[in-house]
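[1] whatever this is, show me its structure:
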Amino acid sequence: MVADLVKYLARIDYPENLLNIILVAEQDDQPTCRAVKRNLRPQLRLFEVLPSQPRTKPKALNMALASLPKSAQSDIITVYDAEDRPHSNQIKQAALAFMADPELAVVQAPLGYFNDRENILTALFGLEYAALFHVWNPALARLGLPFTLGGTSNHIRRDVLERCGGWDAYNVTEDADLSFRIYALNRPGQRLKIGTISPPTGEEAVNSYKAWTAQRSRWLKGFMQTWRVHMRFQKRAPDGGKISLSTRIKNLLSLQITVGATLLAAFLHLPSLIIIGIIYLITRDDLFNTNMPNALLYTVVLGYSAAILTGVIGAIRAKKPHLVKYAVFMPFYWMLYFWPALMATFEIIFAPAYWRKTTHIGVTNIGKNSKNQTAMPPALEPTNDPLI
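    Here you go, the predicted structure:
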């Protein structure tokens, strides 16, 4: 993964003297460390994380950030994953967004999959991401509500990150947790917003049910951690300031319609369908006539229709019309959540900080999806703020 990542990082359209790119790897992961050393360039350096618990990504990020001397500390922190293919203009657009709006604390770039044509699972995964990053997140941003950040391609003001205390080293979805902690910093006279930008990042979707289940169980476990932490009664914001009632209400509202709704759907979708099927079999007169309550039927039809339409709109906005035909299969995709939800429940009790790693294959031809990496003209002159 390292060679392709470095090639895409080299395409970033930003002054090299203002970039401080750190590739973070576990010190005892010698194959990865050697691969990074072989591919180092002048503006890149390797930070080796000393083996210690918890073995999580946020712990590694905190250690890498703390290693920077004052002279090398940047104003904006950007996080990428090893398999990422960021748009060449993404960092510039993030810097321009911060320049244009001083209230922005963090901006999230949309994520998509460059291998969403591989099989039906990657297509449905791609459709799910299209709905999330091109419909849900922009909508919540316009409403002024926090939304769960992606684990990659989020660009954060360093001073805001420091006020939050960095990333939660024990949360396996540190991105989701961080968004609610950032929003909790809002108080009378100070407004912080979480926004979005449009230049995307291509990622590699897992292409097997086994790998998808492992990855999804970690995400659901992290959502459980995040929901539990932010449902606690909070008198103070992460920086010690008093948290306002309106901020607390908005945080709780967004927490329920993002993290809470995801957990409910994971646990209840398949059992609910089984219960509805049993009711149908008990109450039917024949194949097409049933005495099931009309309200139940209307809820199922309207709920599925709205969710499917969201996926269709997301695919069109993501400029991936080939995904539209898979939208009708989304209800079957949601049934797959139940098993990773049970796995996550077991792990949050017995291994809450255990990080299930995701295997990626990578693609040798890095120009395979170059047609989706079109440049976006900047709206302003680039800032002189250095970035990491």
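
[2] residue contacts, V300?
    With contact taken as Cβ atoms under 8 Å, 6 or more residues apart in numbering, V300 is in contact with I276. No exception for glycine: its C-beta is placed from N, CA and C like everyone else's.

[3] so where does it fall, helix or strand?
    Here V300 sits within helix 294-317, counting by DSSP states H and E.

[4] pull out the buried residues from that helix.
    Using 16 or more other Cβ atoms under 10 Å as the test for burial, helix 294-317 gives 307-308, 310-315, 317.

[5] state the mean pLDDT of it.
    Averaging pLDDT along helix 294-317 gives 91.

[6] what's next to the helix or strand following that helix, contact-wise?
    The helix or strand immediately downstream of helix 294-317 is helix 330-335, counting by DSSP H and E. Here helix 330-335 makes contact (Cβ under 8 Å, 6+ apart) with 124, 127-128, 265, 269-270, 273, 304, 307-308, 311.

[7] centre of the chain to the helix holding V300, how far?
    Mean C-alpha position of helix 294-317 versus that of the full chain (Cα atoms, centre = their mean, to the nearest Å) differs by 23 Å.

[8] for the spatially most central residue of the chain, which non-adjacent residue is closest in space?
    When Cα atoms, centre = their mean is applied to the chain, the residue found nearest the centroid is G150 (1.7 Å). Using Cβ to Cβ, 6 or more residues apart in numbering and skipping residues adjacent in sequence, the residue nearest G150 is L111, 5.2 Å away.

[9] did I read that right, V24 in a strand?
    Yes: counting by DSSP: H, G, I helix; E, B strand; the rest coil, V24 is part of a strand.

[10] that one and F338: what is the separation?
    As for V24, its distance to F338 is 34 Å (criterion: Cβ to Cβ, to the nearest Å).

[11] between those two, which one's more packed in?
    Neighbour count, other Cβ atoms under 10 Å: between V24 and F338, V24 has more, with 19 against 16.

[12] what are the bridge partners for that one, then?
    Beta-bridge pairing for V24 (DSSP bridges): F47.

[13] correct me, but it touches A64?
    Yes: here V24 reaches A64: they are 4.7 Å apart, a contact under Cβ atoms under 8 Å.

[14] can you pull the residues that touch both of these two?
    47, 49.

[15] who are the contact partners of R248?
    R248 makes contact with 184, 234, according to Cβ under 8 Å, 6+ apart.

[16] any idea which element it lies in?
    If you go by DSSP H and E, R248 is part of helix 245-255.

[17] angle of the helix or strand that that helix is followed by against helix 294-317?
    Using DSSP H and E, the helix or strand that follows helix 245-255 in sequence is helix 261-283. Relative orientation of helix 261-283 versus helix 294-317 (axes from the mean of the first three to the mean of the last three Cα atoms, to 10 degrees): 140 degrees.

[18] show residues contacting helix 261-283.
    Here helix 261-283 makes contact (Cβ under 8 Å, 6+ apart) with 220, 223-224, 227, 290-292, 296, 300, 334-335, 337-338, 340-341.

[19] and the helix holding R248, how far out from the chain's middle?
    Remark: helix 245-255 is offset 20 Å from the chain centroid, using Cα atoms, centre = their mean.

[20] so who does I12 touch?
    19, 86, 88, 90-91.

[21] pretty sure the residue nearest to the centre of the chain sits in a strand.
    No: using three-state DSSP, the assignment for G150 is coil, not a strand.

[22] assess the claim that it and V107 are in contact.
    No: using Cβ under 8 Å, G150 makes no contact with V107, being 11.2 Å away.

[23] and the pLDDT at D84?
    So D84 comes in at 94 (pLDDT).

[24] next one: P69
    84.

[25] what sits closest to R11 if chain neighbours are left out?
    Nearest one to R11, counting by Cβ to Cβ, 6+ apart, is S88 at 4.6 Å.

[26] helix, strand or coil for the one you found?
    The three-state label given to S88 by three-state DSSP is coil.

[27] dihedrals phi and psi, R41?
    Dihedral pair for R41: phi -130, psi 170, per degrees, to the nearest 10.

[28] tell me who's in contact with it.
    6, 10.

[29] contacts only, for the residue sitting furthest away from the middle of the chain.
    Most distant from the centre of the chain: D285, at 46.7 Å, with distances by Cα atoms, centre = their mean. Neighbour list for D285: N291 [criterion: Cβ under 8 Å, 6+ apart].

[30] buried among the contacts of helix 261-283? Need that as a selection in ChimeraX.
    Restricted to buried positions by 16+ other Cβ under 10 Å, the ChimeraX selection for the contacts of helix 261-283 reads:
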select :220,223,224,227,334,337,338,340,341
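
[31] so which of the contacts of helix 261-283 belong to helices?
    Among these, the members falling in helices (DSSP state H) are 220, 223-224, 227, 296, 300, 334-335, 338, 340-341.
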